[in-house]
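Enquirer: Below is the sequence, then the predicted model.
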Amino acid sequence: MDDAILVLNAGSSSVKFALFRAETLEPLCRGGIEGIGSRASFGGAKGAEAGLFDGADLPESSNHEVATRWLLDGIRRSDRITLQAAGHRVVHGGPDFSAPVLIVNAVMTALEELIPLAPAHQPHNLAAIEAVAKAWPGLPQVACFDTAFHRTMPRLAQIFAIPHELTDQGLVRYGFHGLSYQHIADVLPSIAGEAAKGRVIVCHLGHGASLCAMSEGRSIATTMGFTALDGLVMGMRCGAIDAGLVLHLIEQRGMAPAEVSEILNRRSGLLGVSGISNDARTLLASDDPRAKEALDLFSYRVVREAGSLMAALGGLDALVFTAGIGEHSAPIRSAICRALGWAGVELDESRNATNAMRISDDAARVPVYVVPADEERPIARAVLQRMS
Ligand code: ADP
């Protein structure tokens, strides 16, 4: 029997999961359940142990609790795997959780108190922890936070120029995508050698997008802020915007907060600018000038923010692309890197076209890498560390 670690990433209507062999952190399978709350369905799994989950018997009416129990029942039936612990992606660790934490009652209470900081995500993350506790009492569970990686940022990178009482109440830049950045920090030394210890900018470019400036593998600045609405242009989110514009919508246009939230979170970004799609692939395939403008703005904002992070780092030793657009879109990487030529970035376009691991020209001063995102592996690793 192999000891295994289950990793869960629970969203509002989906649960992504991955199972890792505890001894080697080798992934045994990865998969997902979709449509929770409407018509739940098993989205399939890949990997050696994918056969543990037979989609046919997942009830369509499953809520998170039923779906989690179904997953755990699949693992319980196995005569090859013994589940040792579960790890969870939890979006917000607030000011205090700067590392993964073993779940006990007091921790759950503290995490519930953070719900106002991430009302759309935190409740689902915590529901998954509760569902596992019910379905498998006594199984050790560890919470890993999207914010924790950025708690190493210096104070000036965290605070906003607002009254200090509000800063003291936790209204600061937390940053997100921390598990993705943790994974890059874990694997970059084996890919980039010495450069990984230097001044690195990681571009996590997916539906959500952010940049992280790392020094010696630790975050010193990032583009997302108090919420995941800040920073870059995203699929549907506006990214950094003049707060005065938000006030104008409320005070002069008479919009309700929910309406403004809908515009900035769901009707902006690539979708809003193009009026066509939030998906970079669709926009790349379109000859509509608005699609081009949306993509141009996306790259322009990455370049502007990268320049800002280089200033914070005092230079640049390596650039890394990860997540959907970062891993797969050669034209977008190319546009970004061309505009960063002044900083010593220069692509080898034939390597870039094939999404090679190292896409920079050998003569370039700054190496550029494409590294597949993996937000589950750092969770499994953290679970193991907490258990030992
Ligand atoms: P999420 O943030 O939801 O995890 P992903 O990391 O999967 O998102 O990234 C989704 C984005 O990646 C979408 O904009 C999609 O168009 C883009 N993407 C995925 N594959 C490609 C590709 N081959 N070329 C260009 N963009 C791609």
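Expert: Sure, I can see it. Residues are numbered from 1 along each chain as shown.

Enquirer: isn't there a strand covering residue 160?
Expert: No - under DSSP: H, G, I helix; E, B strand; the rest coil, residue 160 falls outside any strand and is assigned coil.

Enquirer: tell me, how many neighbours does it end up with?
Expert: Burial of residue 160 is recorded as 13 neighbouring residues (other C-beta atoms under 10 Å). C-beta: built from backbone N, CA, C; applies to glycine.

Enquirer: my guess is it meets residue 171, correct?
Expert: Yes - taking C-beta atoms under 8 Å as the definition, residue 160 is a contact partner of residue 171 at 6.9 Å.

Enquirer: any common contacting residues for these two?
Expert: residue 226 (C-beta atoms under 8 Å, 6 or more residues apart in numbering).

Enquirer: which bits of this protein sit near the ligand?
Expert: Near the ligand, the residues belonging to the chain are 206-208, 235, 279-281, 284, 323-325, 328-329 when assessed by C-beta under 6 Å from any ligand atom.

Enquirer: give me that answer again for 8 Å
Expert: Within the chain, the positions adjacent to the ligand are 204-209, 235, 270, 278-284, 323-332, 373 by C-beta under 8 Å from any ligand atom.

Enquirer: quick one: residue 142 and residue 24, what's the gap?
Expert: 19 Å (C-beta to C-beta, to the nearest Å).

Enquirer: In helices, which of the residues of the chain next to the ligand fall?
Expert: If you go by DSSP state H, those have 270, 280-284, 323-328, 330-332 in helices.

Enquirer: of all those residues, which comes closest to the ligand?
Expert: Closest approach to the ligand among those (C-beta to the nearest ligand atom): residue 324, at 2.0 Å.

Enquirer: separation between the nearest residue to the closest one once chain neighbours are set aside and residue 370?
Expert: Spatial nearest neighbour of residue 324, chain neighbours left out: residue 206 (4.4 Å); criterion: C-beta to C-beta, 6 or more residues apart in numbering. Per C-beta to C-beta, residue 206 is found 13 Å from residue 370.

Enquirer: out of those two, which sits in the busier spot?
Expert: Counted by other C-beta under 10 Å, residue 206 and residue 370 do not tie: residue 370 has more neighbours, with 21 against 18.

Enquirer: quick one: contacts for the more buried one?
Expert: 320-322, 326-327, 333, 355-357, 359.

Enquirer: let's see 10 Å
Expert: 191, 320-322, 326-328, 330, 333, 351-352, 354-359 (C-beta atoms under 10 Å, 6 or more residues apart in numbering).
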